[in-house]
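1. Just the structure for this:
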Amino acid sequence: MEQNQIPTQHPEPEKLLPTMTLLLVFLSSCYTSPAVYQQPRETLPPRGIGAFERSKLIKPEQREPEDTLTLQDALSLAMSHNPELSISSWRVHASKARTLQAGLRPNPQIEGEVENFAGSSTLGGFDEAETTISLSQLFELGDKRRKRLRVAELGQGLAEWDLQAKRLQVISQTSLAFIEVLAGQRRVELQSASLDLAREVLDSVTERENAGKSSPIETIRAQIVVSQGEISLGRARRSLDASRAMLAAIWGSRSARFTSAIGSLDEIQDLPPLESLTARISKNPDVSRWDVEIAERRARIELVAAEATPDATITGGARLLQGTEDTAFVVGLSIPLPIHDRNQGRLREAEIDLSRATDERRAAEIRVHSALIDAYQALLSSFQEVTALREQVLPAAGAAYEGIRESYRQGKLTQLDVLESQKTLFEVRDQYARSLTDYHRARAQVEGLVGTPISELKIGGLR
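-> Numbers count the residues shown, from 1 in each chain. All right, here's what the predicted structure looks like:
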């Protein structure tokens, strides 16, 4: 017995293609204008930070020299290879990616649906099936995209300011470490000179002892001073090695390859008045960034307020009715009803964050101002101390030592007088070296706080 089979007819998607193409073109024309990134003016840090802008010095291929090292070499190596600076740079790149993402529009969504098939009776096959293919597009209302992009742009500006702050920090750190190396070399020179003086005294005492003009006790005393000098010289050399390693670590080196640093601690200059320095506090990136931070938080308030506006989803498509082979359009619109959640909590949080930013900016200014006063007072004190030691104490101590040593050779003074004068001369030289180190250390700190080298400021002749 031959069974009658109900012919199965499948949907004919090709009948829907012209309709879907027109719909896709329509939705695309409504919602596909490209996002254009524009860097807000207030996010751009100044091109230069005085002498601390070393972009011309940066040479990625440069490696640490194996002989002498200048401050310019050290700064170039630090700016090129410092790991923390590299991290901050990657954060800027990440912020640019977030800005790109913030400017993108929501993707359209395609949906297919088949109804009234595989049922009972006449709906058992696909004869009465209804096939719907539709496109839906979320339309962001309240200008959300522009405001979201604005927040991302300002966030990128903050990342750039943080990079500038890290650059200034690395430059200051490198300068201070370089000063410590110069100071260590100076200490080695002083200890070596002191040891040479002690050996000269030992030779003189030994000569007098051989001539029967002094006792062996004096020779023993002189030998003790020589031994102490050798110990001090070894300690100074080990300290110098540590300072060299600390400097090399700034650019990621595990050990120092350079043999010596080239520079002079003896160069000092008159100081500008404190007022001219405090007027430049706004140049400090830790302070300047707050203009962008406050703008970013205002923009975030606008974004959060806009997010309270519900978005609309528009759906459009075509439906094929298999039973009659007719085609019809379908259109839909959905909008959330903001009955309970209107972003009240997030809006209040954003407003509080903006109020807090004003206090945080003020706190940053106070921190920098206090640090500047401390550094300037240390700079002024060390400057005055260096000047007094250089012009008065050092010449007097040197002349006194030479006079006492000559009198000792003539038998007019004792060995104790020579040793005491030698000790005084060394202490004065050591104090002078420490004062010079303090001066350059404080100067580097001041310049790091104001972002400008003192040599470029109007000198007030403070002495």
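2. next SSE after the longest helix along the chain?
-> If you go by DSSP state H, the chain has its longest helix at helix 144-210. Once helix 144-210 ends, the next helix or strand along the chain (criterion: DSSP states H and E) is helix 216-250.
3. Need the contact partners of the helix or strand following that next one.
-> Next along the chain after helix 216-250, taking DSSP H and E as the criterion, comes strand 260-262. Strand 260-262 has contacts (Cβ atoms under 8 Å, 6 or more residues apart in numbering) with 67, 68, 69, 70, 71, 74, 178, 181, 182, 185, 244, 247. C-beta: built from backbone N, CA, C; applies to glycine.
4. repeat that for 7 Å
-> The contact list for strand 260-262, computed with Cβ atoms under 7 Å, 6 or more residues apart in numbering, reads 68, 69, 70, 178, 181, 182, 185.
5. nearest to residue 318, of those?
-> The closest of those to residue 318 turns out to be residue 178 (Cβ to Cβ; 74.2 Å).
6. For that closest one, grab the count of nearby residues.
-> 25 (other Cβ atoms under 10 Å).
7. Tell me which residues are up against the helix or strand residue 304 falls within.
-> Element membership for residue 304, per DSSP H and E: helix 285-307. Defining contact as Cβ under 7 Å, 6+ apart, one finds that helix 285-307 is touched by 42-43, 45, 142-144, 147-148, 150-151, 154-155, 157-158, 161-162, 164-165, 168, 281-282, 343, 346-347, 350-351, 353-354, 357-358, 360-361, 364-365, 368.
8. Could you give me the buried positions within it?
-> For helix 285-307, burial by neighbour count (16 or more other Cβ atoms under 10 Å) applies to 285-290, 292-307.
9. Would you mark the buried spots in the next helix or strand after it?
-> The C-terminal neighbour of helix 285-307 among helices and strands, as given by DSSP H and E, is strand 312-321. By neighbour count with 16+ other Cβ under 10 Å, strand 312-321 contains the buried residues 313, 314, 315, 316, 317, 318, 319, 320, 321.
10. what's the average pLDDT for stretch 440-452?
-> If you average the pLDDT over stretch 440-452, you get 91.
11. Please pick the buried ones from the contacts of strand 260-262.
-> Among the contacts of strand 260-262, the ones that count as buried by 16+ other Cβ under 10 Å are 69, 178, 181, 182, 185.
12. what residue lies at the spatial centre of the protein?
-> residue 166 (1.7 Å; Cα atoms, centre = their mean).
13. How about it: what's its closest non-neighbour residue?
-> Residue nearest to residue 166 in three dimensions, not counting chain neighbours: residue 88, with 4.2 Å by Cβ to Cβ, 6 or more residues apart in numbering.
14. show me what contacts the one you found?
-> Each residue near residue 88 by Cβ under 7 Å, 6+ apart is listed here: 162, 163, 166.
15. 10 Å instead, please
-> Listed by Cβ atoms under 10 Å, 6 or more residues apart in numbering, the contact set of residue 88 reads 82, 159, 160, 162, 163, 164, 165, 166, 167, 169, 170.
16. Equivalent analysis for residue 187, please.
-> Going by Cβ under 10 Å, 6+ apart, residue 187 touches 232, 233, 235, 236, 237, 239, 240, 243, 430, 433, 434, 437.
17. Counting by contacts, list what the strand or helix carrying the last one packs against.
-> Secondary structure from DSSP H and E places residue 437 in helix 415-450. When contacts are defined as 3 or more Cβ pairs under 10 Å, 6 or more residues apart in numbering; DSSP states H and E, helix 415-450 sits against helix 144-210, helix 216-250, helix 274-278, helix 344-388, helix 394-409.
18. Read off the pLDDT value for the residue nearest to residue 166.
-> Per the predicted model, pLDDT is 92 at residue 88.
19. how near is the spatially closest residue to residue 369 that is not a sequence neighbour to residue 143?
-> Leaving aside its chain neighbours, residue 369 sits nearest to residue 281 (5.9 Å; criterion: Cβ to Cβ, 6+ apart). Going from residue 281 to residue 143 by Cβ to Cβ, to the nearest Å gives 37 Å.
20. Could you do residue 223 as well?
-> 87 Å.
21. ok, now residue 83?
-> For residue 83, the distance to residue 143 (Cβ to Cβ) stands at 41 Å.
22. picking up where we left off before, now the helices and strands packed on helix 415-450 as TSV including distance to residue 106 and mean pLDDT?
-> Converted to TSV, the helices and strands packed on helix 415-450 look like this (distance: least, Cβ to Cβ, whole Å; pLDDT from 0 to 100):
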stretch	distance to residue 106	mean pLDDT
helix 144-210	9	92
helix 216-250	46	92
helix 274-278	50	90
helix 344-388	20	95
helix 394-409	76	88
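23. so can I have JSON lines of these showing distance to residue 268?
-> Shown next, in JSON lines, are the helices and strands packed on helix 415-450 (distance: least, Cβ to Cβ, whole Å):
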{"stretch": "helix 144-210", "distance to residue 268": "13"}
{"stretch": "helix 216-250", "distance to residue 268": "21"}
{"stretch": "helix 274-278", "distance to residue 268": "17"}
{"stretch": "helix 344-388", "distance to residue 268": "6"}
{"stretch": "helix 394-409", "distance to residue 268": "14"}
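24. Residue 115: which of those helices is closest?
-> helix 144-210 (34.7 Å).
25. distance between that closest one and the chain's centre?
-> Here helix 144-210 shows a centroid-to-chain-centroid distance of 18 Å under the convention Cα atoms, centre = their mean, to the nearest Å.
26. report the angle between the axes of that helix and helix 285-307?
-> Put simply, helix 144-210 runs at 160 degrees to helix 285-307, going by axes from the mean of the first three to the mean of the last three Cα atoms, to 10 degrees.
27. With that, I have no additional questions.
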